[in-house]
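# predicted structure and sequence below. I'll ask about it afterward.
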Amino acid sequence: MNNINKYFYRSFIFILVPTHVFSQSIKNKNKYTYEVREEKGDLNHDGKIDRVTVKMDTIDETRPLRLQIFLSQPNGKLALTASSDKIIEPQYPTENHGKFNGYQIPSLFIENGILKMWSEIKGGNITYHFKYKKGNFELIYVDKLIYSATKGYIDENTIFTETKFDLITGIRTESDEKLGSTKPLAVRKKRVLIRPLPKIQDIKFSDKDLY
């Protein structure tokens, strides 16, 4: 299982929002005031440091989250380039009737100009790769890992299924492996063209099932 998504085994760090934050004044027009994630790096290859944040609305009972991308400008200031309130699931979704969704807030990484967002999903995780092009951040690659733990825990019989989807070429590959295996049990490959490429502001957290 050497090629299994390395992010699956990252330590889970839950963000606990201090209770005093919830008592902030409702008069504040910008309700997404509590920053829970930040990543910095060069996203458009101009040699300047850009900034990506995830902020929580601590007024709304569902605790929704907003992802924002700020690009550095020639004058040295940061300008908002993309924003989404729907790519990350609220911490307490309406359909859960006040219960926590069970997932930690996604982690952000910037590697070689690519913005990666790692998210927990049921039975695994998914990583979105976004690339800046002509004013937009387009989804170019998806890496998803799920496992079937029939006994409720991972053992030598657990099947891991890793999906690698290159949206630029349209090649989608699924590989089934067991823990410690040296080669896949099965590999399925097909071509799925999605045009135009999805933009970060148009993707919903429920779209994980599309990939």
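Structure's in. What do you need?

# show me the contacts for D143.
Residues near D143 by CB atoms under 8 Å, 6 or more residues apart in numbering: N5, I126, T127, H129, E162, T163, K164, F165. No exception for glycine: its C-beta is placed from N, CA and C like everyone else's.

# of the residues you listed - the most surrounded one?
Neighbour counts for these peak at I126, which has 23 neighbours (criterion: other CB atoms under 10 Å).

# so that residue makes contact with L139?
No. Here I126 does not reach L139: they are 11.5 Å apart, not a contact under CB atoms under 8 Å.

# spatially, which two of the contacts of D143 are the most separated?
H129 and E162 (14.7 Å; CB to CB).

# which residue lies nearest the spatial centre of this protein?
Centroid-nearest residue in the chain: M117, 3.3 Å away (criterion: CA atoms, centre = their mean).

# quick one: contacts for that residue?
Shown in contact with M117 (CB under 8 Å, 6+ apart): L67, I87, P106, S107, L108, F109, T127, Y128, F130.

# how close does T53 get to F70?
Remark: distance between T53 and F70 (CB to CB, to the nearest Å) = 8 Å.

# return stretch 74-84 as PDB; C-alpha atoms alone will do.
Extracted as PDB, the C-alpha positions of stretch 74-84 are listed here (Å, rounded to 0.1, in the frame of the first residue of the first chain):
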ATOM      1  CA  PRO A  74       2.000  45.000  -7.600                       C
ATOM      2  CA  ASN A  75       1.400  47.600  -4.800                       C
ATOM      3  CA  GLY A  76       2.200  44.900  -2.200                       C
ATOM      4  CA  LYS A  77      -1.400  44.600  -1.000                       C
ATOM      5  CA  LEU A  78      -3.600  41.500  -1.000                       C
ATOM      6  CA  ALA A  79      -6.700  41.400  -3.200                       C
ATOM      7  CA  LEU A  80      -9.600  38.900  -2.800                       C
ATOM      8  CA  THR A  81      -9.600  36.700  -5.900                       C
ATOM      9  CA  ALA A  82     -11.900  33.800  -5.000                       C
ATOM     10  CA  SER A  83     -14.400  33.100  -2.200                       C
ATOM     11  CA  SER A  84     -16.700  30.100  -1.400                       C
END
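
# only the buried residues of it, if you could.
Using 16 or more other CB atoms under 10 Å as the test for burial, stretch 74-84 gives T81, A82, S84.

# do stretch 47-59 as well
In stretch 47-59, counting by 16+ other CB under 10 Å, buried: D50, R51, V52, T53, V54, K55, M56, D57, T58, I59.
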